[in-house]
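# Generate a structure from the sequence data that follows.
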Amino acid sequence: MKNFFSRRLSLFAFLACVLLGGVLTRHFGESWDELQFYKYADRAHASYAAWIQSGEIITTGNTYDNYGPAFVIFTSSLARALRALNPNWLITDLRHFIYFITFLAGIWAFHALAKRWMTQLAALAAALLFVAQPLFFGHAFISPKDIPFMSLFLLSISFGLRMADSVKPVSFDSPTPSVKKNLSLLTALWLASVIGLFAATDLIHSALANLVQSAADGEPNIISLLASDIRTAAPEIYVQKFFVLFLQIRAIYFYLFTCLLVYLFYRHIPSAFRLLPSVLPAAILLGVTTSIRILGPLAGLIVTYYALRNKGKQVIPALAIYAILAVITMYATWPYLWPNPPARLVESFQVMSQYPWKGQVLFNGAYYASNNLPISYLPYLLLIQSTEPIWPLFVIGLFALRRNNFALISTLLWFIIPLIALIATRAPLYDNTRQIFFILPPVFLVAGLGVDSVLKRVSRPTVRAGIVALLLLPGLCAGVRLHPYEYVYYNSLVNNPTGKFELDYWAVSYREAANWLNRNAPANAEVLAIGPAQIAENYVRDDITVISETDSANKNPDYVIVVARYNWEKELYPDAEAAHEIKRDGMVFAVIKKLQR
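So this is what the prediction gives:
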C-alpha cells in the first residue's frame, strides 16, 4: 500500500510539474546564443542531404560543430510542428517547453535511480529537492545544451541499468563448432571492414583526389580508363563524383553485410535477439548523449561496471551489442564526424576539455581568465548555488553510502573523480557551474540517502511530510522571489551577489525589457541593444526597431538596453537617464536607458 501511494504521489508530482511548466514557459526569455544553436541545427540537418548528394557537410566554422546536433534538430523540428498546431505561441517558447519536458524526463530517470538507493518516500523527496533547485529549474527553460545533456545522461544510466537487470544469458549451445567459428570470423570481418571503411573516409577521399589529379595530368590509371574527358573536365568534379560513388557502395556494403550477419545470428543463435528490447533503447540514448557532448561515454562506463558486477561474464554479449549500437547512433546523429571520424572525435574531446572561451569570469568580486580560475571556484559555487539543506544532507548521506557498493562507486566515477579532475587540470570554465551539471545528480542522490536516514528516525507520516516540505521551502521561496530568473540563484551564504558573482549572463532579462518598451516606448521607436539584440527583437512590438551594436553607426536610437554584465550597465552611456531596471531580490539584471535625440 505504501509503495502504491508513493507511486501515485510521484505521478501526481510529475504531472503537476508539466502543468506548471506549461504555465511558466512564456515568462522566460531567449538565451544569448540560443539562436546560433538553431542556425547550427539547420545546417546540420541540411548536411544529411548534402552528404548523399555531394559528399560534403555544412559546417559552422566554430565550436558548435563539436556538439552533436541531435537534440537541437529534434527540438527545432518538434517546435515547428507544434507551432503549426498553435501559432499563438512563439517558436522560442515552444523550444523552451521542450527543454523543460526534457528536464522532467531527466528527473524521472533520477527518481528511478534514487529508488535503487533508498526508500520510495526518500527517492521522491530527493527528486523534488532536485527539481526545486532554482539553479536547475531556471536553466531548464532556457538551456539548449547543459540541461538536455544532464537529462540524457541520467536517462542513459537509468535505461542502461534496466538493460543490465533484464539481460538473460545468450545460449551458444545450439550452433555446431564450425558454425560458431564461421560466425566469429564473419563478425570480426564485419567489425574490421566497417571500422576501416568509415574511419578511413578522409584517407579514401585523399586517395581519390590524388588518382583524379594524376589522371588529369596524363598518367594512366583506373580513373583515366573510367573517365574519357578527365583531361578536359575540372578535377574537382570527378573527385566529387567518385567520392559519392564510394559513399553509395559503402552504404550498400554495410547494409547487405549487416543484414547477412543479423540473419545468421537469428538462425543459429536466436537467444541473442531477446536482448534487443532492453539493449536498443539504452544504446540509442547513450549514442545520442555522446553526440551531444563527447563525455557521454561516462554513462556507459557506469552501466558497464554495474552490469559486470551483477551479472559477470554472461552480460558481455549484451554489452558488445550495446557499445556497437551506441557508436552507430553517435555517428548517425553527428554529421560533423562523417568526413574524418577519428580526427574529429579527438578534436571534439580537446575542444570540450579546453574550451577556447576568451571572456572574463567574475568570481568573488574579481575577474579571471576562464583557464586561470582559483582552485576554490567550483567548490565555492557548488556551496553557494545549492539550497541550504543540500550539503548537510549530503554529509549525512555519506555514512549510508558506505553500505552500498554500487552507490559508492557511482558517486566516485560520476561526481568525485570528475570534480577533482576539473579542479586539478584547471579546465576552462565560465558562466558558473552550468557546464558540469551532468556530474551533479550524485550529490542529490547522496543527499537523498541523508533524507532517508532522517526519515527513518520519524514514524509519524505527517511529521515526515513536514520535514520534506521544510527541506523544499528554501528553493521554492527563492524561485518565487527570482522568477523568471531562478538560474541567478545564490543562497543565504552570499549577502548580495551583485559585483561579486555572475548574474544574468544569458541576458534572458531582455524579454522583460522588451515588454516594458512595448508598454512605454512611443510609436516607431528605435532601440539599441547591447549584446544579443536578437533577443529583444524577438519580443518587441512590430513598429519598434531594434539595432545591434554592429549596425549602430550613424544611428540615433531612443533607448538602449544594457545587460548588467562586466559593469556595462554603469560604464555604457553613463549620462543617460535610467528609464527602467530589470531586477529581482536587489539584483539588477538589465537597464533601459533613455537617450537624448
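
# List the buried residues in stretch 492-506.
By 16 or more other C-beta atoms under 10 Å, the buried positions in stretch 492-506 come out as 494, 497, 500-506. C-betas here are computed from N, CA, C, even on glycine.

# out of those residues, which one sits closest to residue 365?
Nearest to residue 365 among the buried residues of stretch 492-506, counting by C-beta to C-beta, is residue 500 at 4.7 Å.

# From residue 71, how far off is the residue lying closest to that closest one once chain neighbours are set aside?
Nearest residue to residue 500 in three dimensions, chain neighbours excluded: residue 365, at 4.7 Å (C-beta to C-beta, 6 or more residues apart in numbering). If you measure residue 365 against residue 71 using C-beta to C-beta, to the nearest Å, the figure is 36 Å.

# neighbour-wise, which of those two wins?
Neighbours were counted for residue 365 and for residue 71 using other C-beta atoms under 10 Å; residue 71 has more, 25 against 9.

# who touches the nearest residue to that one once chain neighbours are set aside in this structure?
Sequence neighbours aside, residue 148 is the residue nearest to residue 71 in space, at 4.8 Å (criterion: C-beta to C-beta, 6+ apart). Neighbouring residues of residue 148 by C-beta atoms under 8 Å, 6 or more residues apart in numbering: 71, 99, 102-103, 292.

# now residue 148: how far from residue 502?
With distances taken as C-beta to C-beta, residue 148 is found 21 Å from residue 502.

# Could I get the buried residue list for whichever strand or helix holds residue 311?
Here residue 311 sits within helix 297-311, counting by DSSP states H and E. Going by neighbour count (16+ other C-beta under 10 Å), the buried part of helix 297-311 is 297-300, 302-304, 306-307, 311.

# Could you say which helix or strand holds the residue lying closest to residue 28 once chain neighbours are set aside?
Spatially, and ignoring its direct neighbours in sequence, residue 28 is nearest to residue 141 (4.2 Å; C-beta to C-beta, 6+ apart). Element membership of residue 141 [criterion: DSSP H and E] is helix 134-142.

# next SSE after that helix?
Following helix 134-142 in sequence order, the next helix or strand is helix 146-166 (DSSP H and E).

# quick one, that following helix and helix 297-311 angle?
Comparing the axes of helix 146-166 and helix 297-311 via axes from the mean of the first three to the mean of the last three C-alpha atoms, to 10 degrees yields an angle of 20 degrees.

# neighbours around residue 462, how many?
The number of residues packed near residue 462 is 8, by other C-beta under 10 Å.

# how much space is there between it and residue 469?
Distance from residue 462 to residue 469, by C-beta to C-beta: 10 Å.

# Low-confidence bits of this protein, can you list those?
Residues of the chain meeting the criterion pLDDT under 70: 1-7, 173, 597.

# Which residue lies nearest the spatial centre of it?
residue 149 (2.4 Å; C-alpha atoms, centre = their mean).

# What segments of this structure are strands?
With strands called from DSSP state E, the chain shows them at 360-363, 366-369, 526-529, 545-548, 559-563, 577-584, 587-594.

# what's near enough to touch residue 288?
Residue 288 is in contact with 68, 70-71, 152, 329-330, 333, counting by C-beta under 8 Å, 6+ apart.

# run the last query once more with 7 Å
Going by C-beta atoms under 7 Å, 6 or more residues apart in numbering, residue 288 touches 70, 152, 329, 333.

# ok, back up a step: output the contacting helices and strands for the helix holding residue 311.
helix 146-166, helix 276-292, helix 316-332, helix 405-411 (3 or more C-beta pairs under 7 Å, 6 or more residues apart in numbering; DSSP states H and E).

# quick check: angle from it to helix 316-332?
Going by the same axes, to 10 degrees, helix 297-311 makes 170 degrees with helix 316-332.

# C-alpha coordinates for helix 297-311, PDB please?
Presented in PDB, the C-alpha positions along helix 297-311 are these (Å, rounded to 0.1, in the frame of the first residue of the first chain):
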ATOM      1  CA  PRO A 297      30.500   7.600 -22.600                       C
ATOM      2  CA  LEU A 298      31.000   8.100 -18.800                       C
ATOM      3  CA  ALA A 299      27.400   7.000 -18.500                       C
ATOM      4  CA  GLY A 300      28.200   3.800 -20.400                       C
ATOM      5  CA  LEU A 301      31.200   3.200 -18.100                       C
ATOM      6  CA  ILE A 302      28.900   3.300 -15.000                       C
ATOM      7  CA  VAL A 303      26.400   1.000 -16.700                       C
ATOM      8  CA  THR A 304      29.200  -1.400 -17.700                       C
ATOM      9  CA  TYR A 305      30.600  -1.500 -14.100                       C
ATOM     10  CA  TYR A 306      27.100  -2.300 -12.800                       C
ATOM     11  CA  ALA A 307      26.400  -5.000 -15.400                       C
ATOM     12  CA  LEU A 308      29.700  -6.800 -14.900                       C
ATOM     13  CA  ARG A 309      29.400  -6.600 -11.100                       C
ATOM     14  CA  ASN A 310      25.900  -8.000 -11.100                       C
ATOM     15  CA  LYS A 311      25.900 -10.400 -14.000                       C
END
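
# to the chain's geometric centre, what's the distance from that helix?
Distance of helix 297-311 from its chain centroid, counting by C-alpha atoms, centre = their mean, to the nearest Å, is 21 Å.
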